[in-house]
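K.L.:
Sequence and predicted structure are below.
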Amino acid sequence: IAQIEKLENQQAEIAAPLIKKQDAGDTLTAKEKRALKVSEIYLSNYSLIKGSIDAKLGQRADCENLIPLYQKDFEAKKGNIEWVKRASGRLYAKDCTDSPLFVKLVEAQHELEPSAKSALYLGRLAEEKGNSAKALQYYNQSAELETNPADKARVYYVIANNYKNKGSYSTARSFYRKALAQKPSLGAAYLQIASMYAASANNCGDTTFEKRAVYWIAADYAERAGRVDPSLQDNANQAAASYNARAPQRSNIFQSGMAGKTISIDCWIGENVRVPTL
């Protein structure tokens, strides 16, 4: 197929300027007419041949046949980016992604032509195999290579979730904030920060009142999620209501004498919260 596509491109290069000239209303010379006709015949034939090859490959090129075929040539051709792309693309199309060869091909492609997308994919593969350290390495590389702010935010969000799941809340928060810097409307990041704060309430603050005050901060972050992303409004409101219900109530505020005062929450949270006035 690669050779056919190469010949196809050659004929297209001949035909394209002639078609453009013809479309512009200019008259083709007899020689140009013959050249265009020949090119169009070749292009038509190449299309038929490619279709026939694809049909045959569709019947025969399953993982059992493809993997040995590409494995045999891998060492010799792993430096050829076009071959690597074609091989990995064919294995992906045939759902042969569980093969170690597929991982080797994607890694080779990433080494030859690194991109944000290939790094992200390798990160997911590493994560599926339980190698979180390697996954994070690829995720960070993906974020560095990504130029689209929304896509960069998505990668940072994935990294943040990875750290959150490991209990590394401070690092997770820094990546959620990076995601928000790229995409301020990413309300889900605020919800994740809120959930980490709520999960840390018992470990932050010196008194019971201070520990419960953490829920006010969590509620504030949950509310922000709904403000920046209206599609999350219902979930954000529910989360905020849940956190506020666990925060000190009016009777607690009255008994503590803390109304209107500011509490500094230490530990990894490091934020201040103002106690509501009665």
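P.N.:
In hand now; what should we look at?
K.L.:
C-alpha from now on. contacts and neighbour counts both.
P.N.:
Will do.
K.L.:
Residue 245: neighbouring residues, count only.
P.N.:
Counted with other Cα atoms under 10 Å, residues neighbouring residue 245 total 14.
K.L.:
what about it, distance to residue 212?
P.N.:
From residue 245 across to residue 212, the span is 10 Å (Cα to Cα, to the nearest Å).
K.L.:
Tell me which helix or strand the nearest residue to residue 235 once chain neighbours are set aside sits in.
P.N.:
Closest residue to residue 235 apart from its sequence neighbours, by Cα to Cα, 6 or more residues apart in numbering: residue 226 at 7.8 Å. In this assignment (DSSP states H and E), residue 226 forms part of helix 208-228.
K.L.:
contacts for that helix?
P.N.:
For helix 208-228, contacts defined as Cα atoms under 8 Å, 6 or more residues apart in numbering pick out 184-191, 193-195, 197-198, 201-205, 232-237, 239-244, 246-248, 252, 256, 263, 265, 273, 275.
K.L.:
Any of these buried? List them.
P.N.:
With burial judged by 16 or more other Cα atoms under 10 Å, the buried subset of the contacts of helix 208-228 is 184-191, 193-195, 197-198, 201, 204-205, 232-233, 235-237, 239-241, 243-244, 247-248, 263, 265, 273, 275.
K.L.:
buried stuff in stretch 268-278?
P.N.:
269, 273, 275.
K.L.:
Just send those back as CSV, with distance to residue 44, secondary structure and pLDDT too.
P.N.:
Output for the buried residues of stretch 268-278, formatted as CSV (distance: Cα to Cα, whole Å; DSSP: H, G, I helix; E, B strand; the rest coil; pLDDT from 0 to 100):
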residue, distance to residue 44, secondary structure, pLDDT
269, 66, coil, 95
273, 72, strand, 92
275, 76, coil, 92
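K.L.:
just for this protein, where's the confidence low?
P.N.:
The model of the chain has pLDDT under 70 over residues 1-9, 11-12, 23, 46-61.
K.L.:
Now do the strands in it.
P.N.:
Using DSSP state E, the strands of the chain run over residues 262-265, 271-274.
K.L.:
Ok, which of these comes nearest residue 113?
P.N.:
Closest to residue 113 of the strands of the chain, according to Cα to Cα: strand 271-274, at 43.1 Å.
K.L.:
Tell me the strands beside that closest one, with direction?
P.N.:
Note on strand 271-274: by DSSP bridges, its sheet partners are strand 262-265 (antiparallel).
K.L.:
what's the burial count for residue 44?
P.N.:
The number of residues near residue 44, taken as other Cα under 10 Å, comes to 12.
K.L.:
My error: substitute residue 19 in the last question.
P.N.:
15.
K.L.:
Could you check how far it is from residue 125?
P.N.:
Residue 19 is 46 Å from residue 125, by Cα to Cα.
K.L.:
about what we covered before: got TSV for the strands of the chain, with distance to residue 121 too?
P.N.:
TSV is the format used below for these (distance: least, Cα to Cα, whole Å):
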stretch	distance to residue 121
strand 262-265	39
strand 271-274	36
